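S.K.: based on what follows, work out the 3D shape:
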Amino acid sequence: MGKLSLILGAGAIGLAAFLGAARADVGPNPKLDPDGAMFANVSISVADLDKSTKFYQALGFESGDVHALPGPVAKLLGAKGADAKLDIKFLKRDGVVLELVHFTPAAPMKASEGSAAQLGLAHIAFRVDAVDRVAKLVKDNGGKTLDAGRTKLGPMDILFATDPDGTLIEIAGPAPKS
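M.R.: Numbering: from 1, shown residues only. Predicted coordinates:
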């Protein structure tokens, strides 16, 4: 894939982010820092946009609008098929923006297990007031908790979980008093 294709794809996603941010304060901030750059968002490929939106909303994210991006951008990001389509939706919490990416036809592979064992995104981390409360939200909204790996690290209780597509999530909060 050529450098120009990557630049055009990034530009299309940036434009969608800017348009989303112009309509609602959910997408990435369209203003750049004085150095001419800024952190925009983390993208997660999802099988079902509505199900994943509901999952992240249960974790306190505000949801924005869905934006359709052109087929060439879908191809650039790895979609298969001549008629590939790409929809994105931004969600925001605490200044952090998640971009849910949905291909039609849907991406054929699930999120990797043990994602820190391969290069790329390892996990998304949340600091919470009560790990058990958030673990219930995860399970009630299509995710799974990985109870065997629950651990205490100093004053923190740490539990890993997954979203509906298997993206690894760390949930950390104060350890219960014994």
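S.K.: residues touching residue 129, list them.
M.R.: 173, 174 (Cβ atoms under 8 Å, 6 or more residues apart in numbering). Heads up, the C-betas are built off the backbone N, CA and C, glycines and all.
S.K.: domain assignment for this structure?
M.R.: 3-104, 115-174 (automatic domain parsing).
S.K.: let's have these in a markdown table, adding mean pLDDT.
M.R.: Below are the domains of the chain laid out as a markdown table (pLDDT from 0 to 100):
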| stretch | mean pLDDT |
| --- | --- |
| domain 3-104 | 80 |
| domain 115-174 | 92 |
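S.K.: what about stretch 142-158, start to end distance?
M.R.: Using Cα to Cα, to the nearest Å, one end of stretch 142-158 lies 20 Å from the other.
S.K.: correction: the previous question concerned stretch 73-87.
M.R.: The straight-line separation of the ends of stretch 73-87 (Cα to Cα) is 10 Å.
S.K.: how far out from the middle of the chain is that stretch?
M.R.: 18 Å (Cα atoms, centre = their mean, to the nearest Å).
S.K.: do you know how far the residue most central in space within the chain is from residue 62?
M.R.: Taking Cα atoms, centre = their mean, the centroid of the chain lies closest to residue 44, which sits 3.8 Å from it. When distance is defined by Cβ to Cβ, to the nearest Å, residue 44 is 16 Å away from residue 62.
S.K.: report the separation between residue 98 and residue 109.
M.R.: Counting by Cβ to Cβ, the gap from residue 98 to residue 109 is 20 Å.
S.K.: of these two, who's got more company?
M.R.: Higher neighbour count among residue 98 and residue 109: residue 98, with 23 against 10, using other Cβ atoms under 10 Å.
S.K.: state the helix or strand in which the nearest residue to the more buried one once chain neighbours are set aside lies.
M.R.: Take residue 98 and drop its neighbours on the chain: the residue closest to it by Cβ to Cβ, 6 or more residues apart in numbering is residue 91, 4.7 Å away. Element membership for residue 91 (DSSP states H and E) is strand 85-93.
S.K.: neighbouring strands of the helix or strand following that strand in the sheet, and parallel or not?
M.R.: The first helix or strand that comes after strand 85-93 along the chain, using DSSP H and E, is strand 96-104. Here strand 96-104 is paired, per DSSP bridges, with strand 42-45 (parallel), strand 85-93 (antiparallel).
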